[in-house]
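Novice: Attaching a predicted model along with its sequence, questions to come.
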Amino acid sequence: MPEGKAVSQMFAGIAGRYDVANHLLSGGIDFYWRRVLTRMVKAFGPKDVVDLATGSGDVAFKLRDRLGPDVAIKGLDFCEPMLDEARRKRSQHANYSTLEFSFGDCMALPLPDDSADAVTISFGVRNFEDRQRGLKEILRVLRPGGNLFVLEFSQPDRWFRPIYYFYLKYILPFVAAIATGDKSAYDYLAGTIENFPTKEALGEQLKLAGFETVEATGLTFSIVAIHEATKA
Ligand SMILES: C[S@@+](CC[C@H](N)C(=O)[O-])C[C@H]1O[C@@H](n2cnc3c(N)ncnc32)[C@H](O)[C@@H]1O
């Protein structure tokens, strides 16, 4: 697992170009993935949501659009330059003024026990220094009956893997180098995706951390999956 400090420094280095690189490298399909995620959160009907590893805040903004002004939404991240991006974007839209963005490390969340109806985390779990520790922290802060929604890269359908891995190894770092000026950050990304567990394996890890029920939905040939996990 990557060391937290190194991950935070890596994101600090690309914070200003993260959004553009993200949309470019995914061909814009990341908008669709976040739409599905926020639709699932809305169906759950929380009164408050914490978006962990919020980065430049795109999930938090989408949650505000989808859930309306009465749901409290807080974004936490351990990389201040990424949070600065989120705050800069928040200042451009009156609708987002009530979103809170603050420092928080998923290895030791600055939140009380049983304090959130729902937690979202999009493309963050993969970077955890200690995945079990992070998942147990999330379980701690959720209220009983609360739900965690994890949007993360997964292992794509078998027939699609050769094309996908070719893209990750040879095309993505090249395009990323041009878009962000930092090829190494995306070499790292390709490496972590290849090592990411299947839907079933991540489901087991969530249960091992103490979640009671886990349901996984694959999207786009299972390039990514959303795991919905409930605290008893
Ligand atoms: C790939 S970005 C995802 C950002 C955003 N959730 C999105 O979907 O665009 C990963 C983010 O996770 C954050 N991160 C990684 N490990 C973390 C941890 N242990 N605690 C808090 N933030 C973390 C990084 O700083 C970075 O902003």
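Specialist: Sure, I can see it.

Novice: What are the boundaries of the helices in this structure?
Specialist: Using DSSP state H, the helices found in the chain span residues 4-14, 18-25, 29-44, 58-67, 80-90, 131-141, 161-166, 172-180, 183-194, 199-209.

Novice: Pull out the buried positions in the third one.
Specialist: Buried positions in helix 29-44, judged by neighbour count with 16 or more other Cβ atoms under 10 Å: 30, 33-34, 37-38, 40-41. (C-beta placed from N, C-alpha, C; glycine too.)

Novice: Equivalent analysis for the last one, please.
Specialist: Residues 199, 202-203, 205-206, 209 are the ones in helix 199-209 that count as buried (16+ other Cβ under 10 Å).

Novice: Need the mean per-residue confidence for stretch 165-185.
Specialist: Across stretch 165-185, pLDDT averages out at 80.

Novice: Repeat that for stretch 223-232.
Specialist: Here the average pLDDT along stretch 223-232 is 97.

Novice: With stretch 85-93 instead?
Specialist: 97.

Novice: now check it, is it near the ligand?
Specialist: No: under the criterion of Cβ under 6 Å from any ligand atom, the ligand is not reached by stretch 85-93; the shortest gap measures 9.0 Å.

Novice: Find the residue at the geometric middle of the chain.
Specialist: Ser122 (1.4 Å; Cα atoms, centre = their mean).

Novice: Hmm, that residue is touching Ala60, no?
Specialist: No: the criterion here is Cβ atoms under 8 Å, and Ser122 misses it with Ala60 at 9.8 Å.

Novice: which residues do the two both contact?
Specialist: Common contacts of Ser122 and Ala60, defined by Cβ atoms under 8 Å, 6 or more residues apart in numbering, comprise Asp51.

Novice: Tell me which residue lies farthest from the centre of the protein.
Specialist: Trp159 (25.9 Å).

Novice: how close does it get to Lys199?
Specialist: 16 Å (Cβ to Cβ, to the nearest Å).

Novice: Then Ala53?
Specialist: 20 Å.

Novice: The strand ranked longest in the chain pairs with which strands, and in what direction?
Specialist: As assigned by DSSP state E, the longest strand anywhere in the chain is strand 142-153. Strands that pair with strand 142-153, judged by DSSP bridges, come out as strand 116-122 (parallel), strand 224-230 (antiparallel).

Novice: Can it be said to contact the ligand?
Specialist: No: figure legend: strand 142-153 not in contact with the ligand (Cβ under 6 Å from any ligand atom); closest approach 7.0 Å.

Novice: Residues in a beta bridge with Ala216, which ones?
Specialist: His227.

Novice: thought it was touching Ala201?
Specialist: No: Ala216 is beyond contact range of Ala201, at 10.2 Å (criterion: Cβ under 8 Å).

Novice: surely Val175 meets Ser26?
Specialist: No: the criterion here is Cβ under 8 Å, and Val175 misses it with Ser26 at 10.9 Å.

Novice: who in the protein is up against the ligand?
Specialist: Residues of the chain lying near the ligand (Cβ under 6 Å from any ligand atom): 4, 7-8, 11, 53-55, 58-59, 77-79, 82, 105-107, 122-124, 127-128.

Novice: just for this structure, where's the confidence low?
Specialist: Applying pLDDT under 70 to the chain flags the ranges 1-2.

Novice: My guess is Gly104 contacts Phe78. True?
Specialist: Yes: Gly104 lies in contact with Phe78 (Cβ under 8 Å); the separation is 6.7 Å.

Novice: Smallest gap between this structure and the ligand, at which residue?
Specialist: Gly55 (2.5 Å; Cβ to the nearest ligand atom).
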